[in-house]
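1. from the sequence below, what's the structure:
(one chain, ligands or ions: 2)
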Amino acid sequence: MNLKMLFSFVSVFSLLLVLASSDVRAAESEAAVSTTPAKQAGQPGDLDYILKKYVDSEFFSYKELKANKKDHARFERFMEWQADADVKSMSREDQVAFYINAYNSCSTKAILDHYPVHTPLDVDGFFDKLKFKVGGEMLKLGGSDGDSMEYDRLIANYGDMRAHFAVVCAPPEVARLYDQAVESQWDANRDIAWDQLPEHHPDLERALDQVFTFLAENELSALYVPSRFVARIHPAYAEVAMFLSTQMADEARHIDVFLKRARAGGGGLGVSSATTSQSLLTLLELTDFTEAAFLLSVLGEGTFLDLLRFIEDHAPDDVTADIVQRARNDETRHVHFGLVHVRHALAHDKGLYQRLENAVRRRAATMAGAGGVPDALQDGLTILAAGSTSPKAVSQGHDAFRGLLDEMHHNRIKRLEHAGFTSDQAQTLSELHTPNFM
Ligand SMILES: [Fe+2]
Ligand SMILES: [Fe+2]
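-> Ligands and ions are numbered 1, 2, ... in the order given. This next block holds a predicted model:
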């Protein structure tokens, strides 16, 4: 997380401060009555004052605050108030706001204490070692050892994923990805030259029916998974909700175009497999957004990029190639979003590596009873690559299919390393990835 990001979060907590303003005002008036003038006591309004003065839409002026001794002292007084604040006496909403403010103000304090720094990661243990007194207890920013503001107070106690979005998500690339998605929309009826689709040998057409049925089936879960999270995104991170909406529109279009292609030869749809159903169910059951983005977008859709490229390379006609090429362009954006989100979250929380690895292992354990790549799909891809069912061609098609599996593994490792995993971790996680690819 860079400093720019850190302080786009600050604007969220100023927003939440406004939401919790009635109690804040009560606390202010109490403070005014009950404190002695010997040492001025801190109060919630001090932080509000600092934010209004030092936050300029995206940036926080650490340098200026550090240079202004009077204001710096006022910030420290807020930290003193926060250290011993009676959280239990607050309403539930105010408790959530309190911990979001605590997260952000403690981040600010850590930067000020170590200033100048380029990024929080320049400070050893910024998220998982530094401790701050908050609401009467010593807490860290991140991690999940039972004493982190983010996971152990905000998310564990309030079960409110909006809190996660308030302190972790929405890197600035998301807004650009949204713009790109809007510009890249296409239409499965108007933009595909369906009238130029040639007739193929029935064996090849059956293989295509099967492959496109499989694609459509997987696209359904790519549509459902983001839909589970959209309504839980904090309004301050509207770009994330907007991007996920474009992703859902993309997936609806992919389902449409893949089903049309599967049916175009007149043979109807192919079959579904227990492996695929089971694999997709494990995605639908996820409740953590970062785990879902990782499993669906980085691993699943990432692997799908290689699959779509393979189908495009072996497509027996230009119309079929055009369909998968268009879908692949959209999927590249979805994978990019997943990578951006996961990298951003990993940079911020070292404990996340382990949680993501655990999520992959849990999914692999659930899938342990399933076989490898579903037979019907393997046959479909082999015949597609072969171009016919002659023994010699099928043998070559089989080699091409084995090559695809190697390519998928190789590229998954690259994506995992890009997301921040070590080579060894990437190797292990890639091998555990589900045999239905998604
Ligand atoms: Fe898709
Ligand atoms: Fe997708």
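
2. how about the closest residue in space to A386 that isn't next to it in sequence, what does it touch?
-> Leaving aside its sequence neighbours, A386 sits nearest to G397 (C-beta to C-beta, 6 or more residues apart in numbering; 2.9 Å). All C-beta atoms are positioned from the backbone trio N, CA, C, and that covers glycine. Applying C-beta atoms under 8 Å, 6 or more residues apart in numbering, we find G397 in contact with 381-387.

3. correct me, but H433 touches F304?
-> No: counting by C-beta atoms under 8 Å, H433 stays clear of F304, with 11.6 Å between them.

4. what does this structure put close to ligand 2?
-> Residues of the chain lying close to ligand 2 by C-beta under 5 Å from the ion are 222, 301, 331, 334.

5. one more time with 6 Å
-> Contact residues, the chain versus ligand 2 (C-beta under 6 Å from the ion): 222, 251, 301, 331, 334.

6. tell me which of those residues is nearest to A110?
-> H334 (34.2 Å; C-beta to C-beta).

7. around A231, how many other residues sit close by?
-> Using other C-beta atoms under 10 Å, A231 has 7 neighbouring residues.

8. and it, how close does it get to H314?
-> Distance of A231 to H314, computed by C-beta to C-beta, to the nearest Å: 40 Å.

9. what's the answer for F132, then?
-> Distance from F132 to H314, by C-beta to C-beta: 57 Å.

10. can you check S227 too?
-> Distance of S227 to H314, computed by C-beta to C-beta: 32 Å.

11. out of these two, which sits in the busier spot?
-> Set S227 next to H314 and count neighbours by other C-beta under 10 Å: H314 wins out with 21 against 14.

12. show me what contacts the more buried one?
-> For H314, the contact set (C-beta under 8 Å, 6+ apart) comprises 384-385, 387, 400.

13. cool, and A400?
-> With C-beta under 8 Å, 6+ apart, A400 has these contacts: 310, 314, 382, 385-386.

14. list the buried residues of the one helix or strand it maps to.
-> Assigned by DSSP states H and E, A400 belongs to helix 391-419. Within helix 391-419, the residues scored as buried using 16 or more other C-beta atoms under 10 Å are 394, 397-398, 400-401, 404-405, 408, 411-413, 415-416, 419.

15. helix, strand or coil for the nearest residue to T275 once chain neighbours are set aside?
-> In space, and not counting its chain neighbours, T275 is closest to A370: 4.2 Å by C-beta to C-beta, 6+ apart. Three-state call for A370 (DSSP: H, G, I helix; E, B strand; the rest coil): coil.

16. quick one, what contacts A370?
-> The neighbourhood of A370, defined by C-beta under 8 Å, 6+ apart, consists of 274-275, 278-279, 435.

17. can you flag which of these belong to strands?
-> Of the contacts of A370, none are assigned to strands by DSSP state E.

18. burial of the closest residue to ligand 1 within the stretch 251-400 of the chain, as a residue count?
-> Of all residues in the stretch 251-400 of the chain, the one sitting closest to ligand 1 is H254 (3.8 Å; C-beta to the ion). Using other C-beta under 10 Å, H254 has 26 neighbouring residues.

19. and this structure, which of its residues are near ligand 1?
-> Counting by C-beta under 6 Å from the ion, the chain sits next to ligand 1 at 219, 222, 250-251, 254, 327, 331.

20. 5 Å instead, please
-> 219, 222, 251, 254.

21. could you dump those residues into JSON lines and include pLDDT and secondary structure?
-> As requested, the residues of the chain next to ligand 1 are arranged in JSON lines below (pLDDT from 0 to 100; DSSP: H, G, I helix; E, B strand; the rest coil):
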{"residue": "E219", "pLDDT": "95", "secondary structure": "helix"}
{"residue": "A222", "pLDDT": "94", "secondary structure": "helix"}
{"residue": "E251", "pLDDT": "97", "secondary structure": "helix"}
{"residue": "H254", "pLDDT": "98", "secondary structure": "helix"}
